[in-house]
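Student: Need a 3D model of the following:
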Amino acid sequence: MEQARIDRINELARKAKTAEGLTEEEMAERDVLRREYIDSYKSSLTAHLDNTYIQHPDGTRRKLRKKG
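Tutor: Next up is the predicted model:
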């Protein structure tokens, strides 16, 4: 995710905490940006875990696999 989008999420979060609050359009934009951020984070974490191996005491390595 681009840094500019993260900055915008933070800007909207700061504005939401003020007495002014957010407009309906800004709330919708915030929701879209948050979903995009979460999806990006999940994708990055999944890619990282896909390349993770567990090394056993006997020296064998086994790829980490998803549970049920």
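
Student: what are the phi and psi angles of the residue nearest to Y53 when sequence neighbours are not counted?
Tutor: If the residues on either side of it in the chain are set aside, Y53 comes closest to R61, at 4.5 Å by C-beta to C-beta, 6 or more residues apart in numbering. From N, CA and C alone the C-beta is placed, and that goes for glycine too. Note on R61: its backbone torsions stand at phi -120, psi 140 [degrees, to the nearest 10].

Student: and R61, bridged to which residues?
Tutor: For R61, the beta-bridge partners under DSSP bridges are Q55.

Student: Could you number the chain from 194 rather than 1 from now on?
Tutor: Noted, 194 is the first residue going forward, which turns the last one into R254.

Student: what about it, how many neighbours?
Tutor: For R254, the neighbour count with other C-beta atoms under 10 Å is 8.

Student: wait, isn't it in contact with T245?
Tutor: No. Between R254 and T245 there is no contact under C-beta atoms under 8 Å: 10.2 Å.

Student: and the gap between the residue nearest the centre of the chain and G214?
Tutor: Centroid-nearest residue in the chain: Y234, 2.7 Å away (criterion: C-alpha atoms, centre = their mean). Going from Y234 to G214 by C-beta to C-beta, to the nearest Å gives 26 Å.

Student: Equivalent analysis for N244, please.
Tutor: 43 Å.

Student: Then L205?
Tutor: Taken as C-beta to C-beta, the span from L205 to G214 is 11 Å.

Student: Looking at those two, which is more packed in?
Tutor: The neighbour comparison of L205 against G214 (other C-beta under 10 Å) goes to L205, with 18 against 10.

Student: So what's the predicted local confidence for G261?
Tutor: We note a pLDDT of 69 for G261 in this prediction.
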